[in-house]
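pasting a predicted model and its sequence here:
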Amino acid sequence: MKKLINSLAFILVILSACNVSKNIETPKPALPDHFRNAATAKDTSSIADLEWKKFFTDPVLQKLIDSAIVKNYDIQIAVKNIEASQLLFKQVKWNYVPEASLNVTASTTRPSDNSVTGLSLSQYNIGKNHIEDYSANLAVSWEADIWGKIHNQSKSALAAYLQTVEAKRAIQTNIVAGVSQGYYNLLMLDAQLDIAKKNVRLNDSTLRIVRLQYEAGQVTLLAVQQTEAQRMAAAQLIPGFEQNITIQENALRILTGELPGNIDRNTILDQVPVPGDLATGVPSNLVSRRPDVKSSELALITANADVGINKAEMYPALRITASGGVNSFKASNWFNIPASLFGVVAGSVVQPLLDHKLLKTKYEVAKVEREKTVLQFRQSVLNAVGEVSDELVKIEKLKAQQNIATNRVNTLQHATANANLLFKNGIANYLEVITAQSNVLQGELELASIKRDELSAVSELYRSLGGGWK
């Protein structure tokens with residue numbers, strides 16, 4: 001027994017000195033010093049470091065986001081994935097513990113009289129033509145983790161668990177951005193509905209004057225028809241905006257885990273400020289801040305662990321087994337201590353032979369998968385940097401568009417007021433009035449849309465930088 005244990009210990013020491021799998025470091029993707037269209041600054045702080053409640057300060061929007069984080073079904077499913085992954089990670093730790101089983105058996109065998117066993121029974125005159133066997137034993141089996149297979153299984157399980165955590169964070173960042181963008185879209189629709197109603201009222205006033213002029217014979221019926229058509233064009237927008245408002249409210253309610261319904265709000269689009277200081281930090285921080293990029297990095301750890309696991313399968317496995325208990329061919333002597341005691345200790349080294357080609361193929365495939373994961377990680381970083389740069393240029397150009405659109409609307413509003421005044425005094429004709437009213441309607445609608453786009457771009461910048469999960 002002592003010689004066997006010493007021999008197995010010697011083999012264990014020799015084999016453990018071999019390292020069949022080498023961990024690869026996370027590749028460092030090429031990153032710029034600063035984002036394109038971002039102000040170059042040495043400050044590494046970013047708006048993504050802010051908690052979402054400090055970034056989105058509107059009370060109604062905060063309430064919507066808070067409800068979505070708690071009740072959204074995608075978030076709840078992600079939490080369940082985390083719980084399942086955590087259980088699997090805890091289970092892998094038990095792979096280091098020897099397997100133990102308790103076996104209790106009782107059997108009787110009637111051998112052939114012409115068999116060796118039957119002849120032996122008659123020779124020894126035990127008075128029976130059958131053999132009874134009663135056994136109770138505890139069996140223990142343990143496989144030495146020589147090649148790091150169990151260690152790599154633990155690393156893979158931990159990475160999988162952390163990936164589920166990052167997946168939840170990624171879902172939350174998308175939900176925070178989605179709720180805020182939906183809310184801004186709702187405020188834009190409110191503003192556009194008010195614009196359309198205001199324009200209808202303006203057209204009503206013009207139409208009354210044109211009808212009076214028609215009755216006085218100053219204009220033709222064509223003037224009345226064109227003015228009325230202009231009014232109907234503005235009125236036609238109202239049910240469309242009301243429809244879109246209801247649909248947007250329903251979408252926001254569903255996103256927040258609620259049944260479709262009305263959303264109370266006491267803010268108008270013009271009152272929502274666009275943040276002036278949008279610090280982006282440095283691109284290198286995206287790797288640790290963005291959940292999807294972090295998940296890609298963890299996928300590389302899993303892929304590397306799979307390479308180690310598959311390579312370990314190609315090498316000999318050292319197994320040690322032991323069993324002990326009581327055994328007797330008579331039930332009356334079954335637990336006769338110490339006469340019925342027995343014990344067995346065995347060690348084995350198992351080397352796969354015929355399936356070596358299959359294991360080698362799995363190992364090569366695992367290496368290819370690891371290389372693919374490296375490429376996916378680099379791609380995720382590249383996409384993240386691109387998304388930030390895209391949102392920065394959107395914000396920059398939308399600000400320029402808003403300035404121009406604001407000046408244009410101011411000009412059109414003055415032009416409309418002047419046209420109405422001239423028309424009432426008989427200096428301008430109805431065509432000039434309805435043209436001015438049509439232009440101001442489109443200009444105000446476009447201005448509201450640009451303001452919504454700018455706020456949405458700010459929200460998307462916050463998400464693309466990795467903000468929203470804190």
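Ah, there it is. Numbering: from 1, shown residues only.

helix, strand or coil for Lys28?
coil (DSSP: H, G, I helix; E, B strand; the rest coil).

which phi and psi values does it adopt?
phi -100, psi 110 (degrees, to the nearest 10).

count of neighbours near it?
10 (other CB atoms under 10 Å). Bear in mind the C-beta positions are built from the backbone N, C-alpha and C, glycine included.

try the one 5 residues further on
Asp33 is flanked by 8 other residues according to other CB under 10 Å.

kindly report the same for the one 4 residues further on.
Using other CB under 10 Å, the number of residues around Asn37 comes to 16.

not counting sequence-adjacent ones, nearest residue to it?
Leu392 (4.0 Å; CB to CB, 6 or more residues apart in numbering).

ok now do the one you found, which residues does it touch?
Phe35, Arg36, Asn37, Ala38, Leu278, Thr280, Leu461 (CB atoms under 8 Å, 6 or more residues apart in numbering).

can you name the two of those that sit furthest apart?
Arg36 and Leu278 (14.1 Å; CB to CB).

the strands in the stretch 201-350 of the chain, which residues?
Secondary structure of the stretch 201-350 of the chain (DSSP state E, counting those that start in this stretch): strands located at 317-328, 341-350.

of Arg36 and Leu278, which one has the most company?
Leu278 (18 against 13).

surely the more buried one touches Lys394?
No. Look at Leu278 against Lys394 with CB atoms under 8 Å: they stay out of range, at 11.5 Å.

quick check on Cys100: phi, psi?
Residue 100: Ala, not Cys. Torsion angles at Ala100 (phi, psi; degrees, to the nearest 10) stand at phi -130, psi 140.

pLDDT score assigned to it?
On the pLDDT scale, Ala100 is placed at 83.

ok, it touching Asn137?
No. Checked against CB under 8 Å, the pair Ala100 and Asn137 is beyond contact range at 11.1 Å.

more neighbours: these two, which one.
For Ala100 versus Asn137, the count of surrounding residues by other CB under 10 Å is larger for Asn137: 18 against 12.

in a strand, the more buried one, correct?
Yes. Counting by three-state DSSP, Asn137 is found in a strand.

how far away is the most centrally placed residue in the chain from Gln379?
In the chain, the centroid-proximal residue (CA atoms, centre = their mean) is Ala167; its distance is 3.3 Å. Remark: distance between Ala167 and Gln379 (CB to CB, to the nearest Å) = 18 Å.

cool, and Ala144?
40 Å.

what of Glu242?
Counting by CB to CB - Glu242 and Gln379 are separated by 43 Å.

now do Leu447
In terms of CB to CB, Leu447 sits 38 Å off from Gln379.

equivalent analysis for Trp334, please.
Counting by CB to CB, the gap from Trp334 to Gln379 is 67 Å.

now the helices for this structure?
All helices of the chain, identified by DSSP state H, fall at 2-16, 52-55, 59-71, 73-92, 116-124, 149-215, 221-255, 286-289, 291-312, 356-424, 430-464.

okay, now the unreliable bits of the protein?
When residues are selected by pLDDT under 70, those of the chain lie in 1-24, 39-43, 113-114, 116-119, 121-128.

Pro271: neighbouring residues, count only.
Slight slip there: residue 271 is Gln, not Pro. Gln271: 9 surrounding residues under other CB under 10 Å.

distance of it relative to Tyr134?
With CB to CB as the criterion, Gln271 and Tyr134 are 87 Å apart.
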